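[1] sequence first, then the predicted structure, then my questions.
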Amino acid sequence: METWTVETDDGGGQLEVHTFRPASKASIPGSHAPAEPSGVVVVHGTLVTDSLYWPFARTLSLMLRRPVHCYNRRGRGRSAPQPPGYSAGTEIADLQAVMRSTGSTDVVAHSYGGFVALQAARSTEINRLVTYDAAVSLSGNLHGRWRPELEAAVSAGQLDHAWAHLVQGLGTAGPISYLPMGALRMLSVLSAQTRLGSEMRSLLPTAVAEMRAVLDADAHLHDFTSLATPTLMLSGGWSPSYFAETGRTLAGAVPVIDFATVPLQFHEGPLRPGRRLAARIARFLSADPAPADGAP
């Protein structure tokens, strides 16, 4: 794995990038050998850093025989903090900067990352895009998931209370999401004793800004009808149903979007061990483009 940085376009600082290659030979970031194929960028979800996606990225790189690049979005690791005017536009510009610096043409994105990637595809040249449980607000369907208590609790430093509201509101933690608030607050206290739990609590302020960005970018079907990027929207069979509903709706209205359910997968599918999901994504990214004008 190579670790390096990409400068942001807004002068806000840098983005921390981690690169996986199918071969062990080292190369200078941004100066790829002519024979090296174009890369794939992985965009992570909320309340996490890119490190949780490293096993998935490594597997995908080996399957595709192409470099795969993960990067920490704003407010994580050695990446710049979220700026005062943070919005979907901030994330779109960051993704464009990473694609440009890595020589990447394809994108794989999870949850909030799927929202970023789909928004970016409306104005960015992306060869192929795969999303998993993309958190897109379509005609207001996610507004009911927002809880003002979350932001109030984060502002008051009541992180256990905030975590409970986030989990209940989004429903992305499987059966745990349906526990009463008191039980969720206790789980937050216990999980804070672990490295991952502590990290998630520290990222709660970024989650507030990201949820607001999703709602502020609420879209309608006609906003995606001109999309030209072949896109596969995936949803876990055990993920909250609203992800699949959005995927099916977009696939039914936008010719370049396909939708599929991945059986036996929760919302955190890309973070779990195993090769099935990576193989499904690799098949789509490796597919030949459709022939033009009926040519064989």
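    Structure's in. What do you need?

[2] every contact and neighbour count from this point should use C-alpha atoms.
    Will do.

[3] for this protein, what spans make up the helices?
    Assigned by DSSP state H, the helices in the chain fall at 54-64, 88-102, 112-121, 148-155, 159-170, 181-191, 195-202, 204-216, 241-253, 276-286.

[4] what is the fifth one packed up against?
    Taking 3 or more CA pairs under 8 Å, 6 or more residues apart in numbering; DSSP states H and E as contact, the helices and strands that helix 159-170 lies on are helix 148-155, helix 181-191, helix 195-202, helix 204-216.

[5] who's in contact with the first one?
    Contacts of helix 148-155 with the rest of the structure, by CA atoms under 8 Å, 6 or more residues apart in numbering, involve 159, 161-163, 165-166, 204-205, 208.

[6] which residues are in contact with the residue nearest the centre of the chain?
    Geometric centre of the chain, nearest residue: G113, 2.2 Å, by CA atoms, centre = their mean. Applying CA under 8 Å, 6+ apart to G113 gives the contacts 43-46, 131, 134-135.

[7] let's go with 6 Å and repeat that
    Residues near G113 by CA atoms under 6 Å, 6 or more residues apart in numbering: 43-45.

[8] of these, just say which sits nearest to H69.
    Set against H69, the nearest of the contacts of G113 by CA to CA is V43 (8.9 Å).

[9] ok, that closest one touching A109?
    Yes - using CA atoms under 6 Å, V43 is in contact with A109, at 4.6 Å.

[10] comparing the two, which residue is more hemmed in?
    Comparing V43 with A109 by neighbour count (other CA atoms under 10 Å), the higher total belongs to V43, at 27 against 24.

[11] hmm, back to that, quick one: which of the contacts of helix 148-155 is most hemmed in?
    Scoring the contacts of helix 148-155 on neighbours with other CA under 10 Å, the highest-scoring entry is A162 at 26 neighbours.

[12] in contact with that residue, which residues?
    A162 makes contact with 150, 153-154 under the criterion CA under 6 Å, 6+ apart.

[13] let's have the contacts of helix 148-155 in TSV, adding pLDDT and distance to T59.
    Converted to TSV, those look like this (pLDDT from 0 to 100; distance: CA to CA, whole Å):
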residue	pLDDT	distance to T59
L159	94	34
H161	93	36
A162	94	34
W163	92	31
H165	93	34
L166	92	30
L204	96	29
P205	96	31
V208	96	31
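
[14] same list (those residues) but as a markdown table, adding distance to E16.
    Output for the contacts of helix 148-155, formatted as a markdown table (distance: CA to CA, whole Å):
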| residue | distance to E16 |
| --- | --- |
| L159 | 26 |
| H161 | 30 |
| A162 | 27 |
| W163 | 26 |
| H165 | 30 |
| L166 | 26 |
| L204 | 20 |
| P205 | 19 |
| V208 | 22 |
